[in-house]
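Student: What shape does this take:
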Amino acid sequence: MAKVDTSLVAHLPLFAGVTPEALDEILREARSARYPKNSAIFEQGADAQSFFLLLHGHVRAAKTTPTGEQIVVRYVAPGETFGLAMAIGAVQYPATAMAVDDSVVLIWPTSAWPRLIERFPSLAANTLQTVGTRLQESHTRILEMSTQQVEQRVAHALLRLAKQSGKKLDHGIEIDFPISRQDIAQMTGTTLHTVSRILSGWESQGLVESGRQRIILRDPHRIVVLAERSADSGARRDVSTQDRD
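Tutor: The predicted structure is shown next:
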């Protein structure tokens, strides 16, 4: 493959603390690949033969439950790693990774992982930090699913996506990749009908603007206030219920 310009990736979290010489060696183990929009990079349950670094585009990680429901686990932004099954001791991918727009990735064989982390401990430490951060994100989402109203969950989902992949416009912040109302529903544990009702209501209030696979947060501050207000009122309802018990 064409040699990757180390200056384009040296600043990424995966390579923090890695010397230029070591980075050259790490990149020699990788190959690049392009995935067109809506193509699968790997499938849930497949043998985890590779791990990945996203250079360009966006990737959706989604899990299918035993009952056939789809859950969007997370979206991967440029500069982030994914497919890190080997870092958690798994031999199969726990979810399916799909390119949501035309994407470019670096791919390392999983067989190289033990050798790389032995030679470059920073690589192991950085990957462990990534896994820990994502575990904390998962805990946060589980807590949201358990304790929050659906409007609050949708607000938090949009704010997370805007923080991760937001593009500032004159009239708000656009989530900078194709995303549908169905995707939002699968992120927040609700139905397409419910998400459509919520977003239509917010659109009429000037909070968001949505179209075909496109969402703009027109007033992010009011969405933050909405989420926090919902949390406060939810906590008050819980206290009132406990008092009645």
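Student: Quick one, grab the pLDDT at K163.
Tutor: pLDDT, K163: 93.
Student: Please apply the same query to A2.
Tutor: At A2, pLDDT is 58.
Student: What of Q242?
Tutor: For Q242, the predicted pLDDT is 36.
Student: T6 too?
Tutor: So, for T6, pLDDT stands at 86.
Student: Which residue, neighbours along the chain excluded, lies closest to it?
Tutor: L23 (5.1 Å; C-beta to C-beta, 6 or more residues apart in numbering). In this view, the C-beta of every residue, glycine as well, is placed from N, C-alpha and C.
Student: by contact count, what packs against whichever strand or helix holds the one you found?
Tutor: Under the criterion of DSSP states H and E, L23 resides in helix 20-28. When contacts are defined as 3 or more C-beta pairs under 8 Å, 6 or more residues apart in numbering; DSSP states H and E, helix 20-28 packs onto helix 113-119.
Student: Any idea how many residues pack against E174?
Tutor: Around E174 there are 18 other residues, counting by other C-beta atoms under 10 Å.
Student: can you check N126 too?
Tutor: That count, for N126 with other C-beta under 10 Å as the rule, works out to 19.
Student: picking that back up, show me what the helix holding L23 is in contact with.
Tutor: 3-4, 6, 9-10, 15, 18, 106, 116, 119-120, 122-123 (C-beta atoms under 8 Å, 6 or more residues apart in numbering).
Student: quick one: the nearest residue in space to M145 that is not next to it in sequence and L143, what's the gap?
Tutor: Leaving aside its chain neighbours, M145 sits nearest to G189 (5.1 Å; criterion: C-beta to C-beta, 6+ apart). If you measure G189 against L143 using C-beta to C-beta, to the nearest Å, the figure is 12 Å.
Student: More neighbours: which of those two?
Tutor: For G189 versus L143, the count of surrounding residues by other C-beta under 10 Å is larger for G189: 16 against 10.
Student: Tell me which residues touch that one, please.
Tutor: 71, 145, 153.
Student: Also V105?
Tutor: By C-beta under 8 Å, 6+ apart, the neighbours of V105 are 32-33, 35, 41, 52-55, 59.
Student: hang on, the earlier thing: among the contacts of helix 20-28, which ones are in strands?
Tutor: In this view, these that belong to strands under DSSP state E are L106.
Student: Could you list the domains of this protein?
Tutor: 6-144, 148-228 (automatic domain parsing).
Student: looking at those domains, which is buried most?
Tutor: When the domains of the chain are scored by mean count of other C-beta atoms under 10 Å, the highest mean neighbour count falls to domain 148-228 (a mean of 18).
Student: ok so, going back, and the residue nearest to M145, how far is that from G172?
Tutor: Per C-beta to C-beta, G189 is found 26 Å from G172.
Student: for P220, same thing?
Tutor: In terms of C-beta to C-beta, P220 sits 7 Å off from G172.
Student: Next: W108.
Tutor: For W108, the distance to G172 - C-beta to C-beta - is 38 Å.
Student: cool, V154 as well?
Tutor: Taken as C-beta to C-beta, the span from V154 to G172 is 16 Å.
Student: N126 too?
Tutor: Applying C-beta to C-beta to N126 and G172 gives a distance of 33 Å.
Student: Over to Q49?
Tutor: 41 Å.
Student: Same check on R115?
Tutor: For R115 relative to G172 (C-beta to C-beta), the value is 47 Å.
Student: R119 now?
Tutor: 46 Å.
Student: picking up where we left off before, got the contacts of G189 as CSV, with distance to T130 columns?
Tutor: Formatted as CSV, the contacts of G189 follow (distance: C-beta to C-beta, whole Å):
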residue, distance to T130
I71, 20
M145, 23
R153, 24
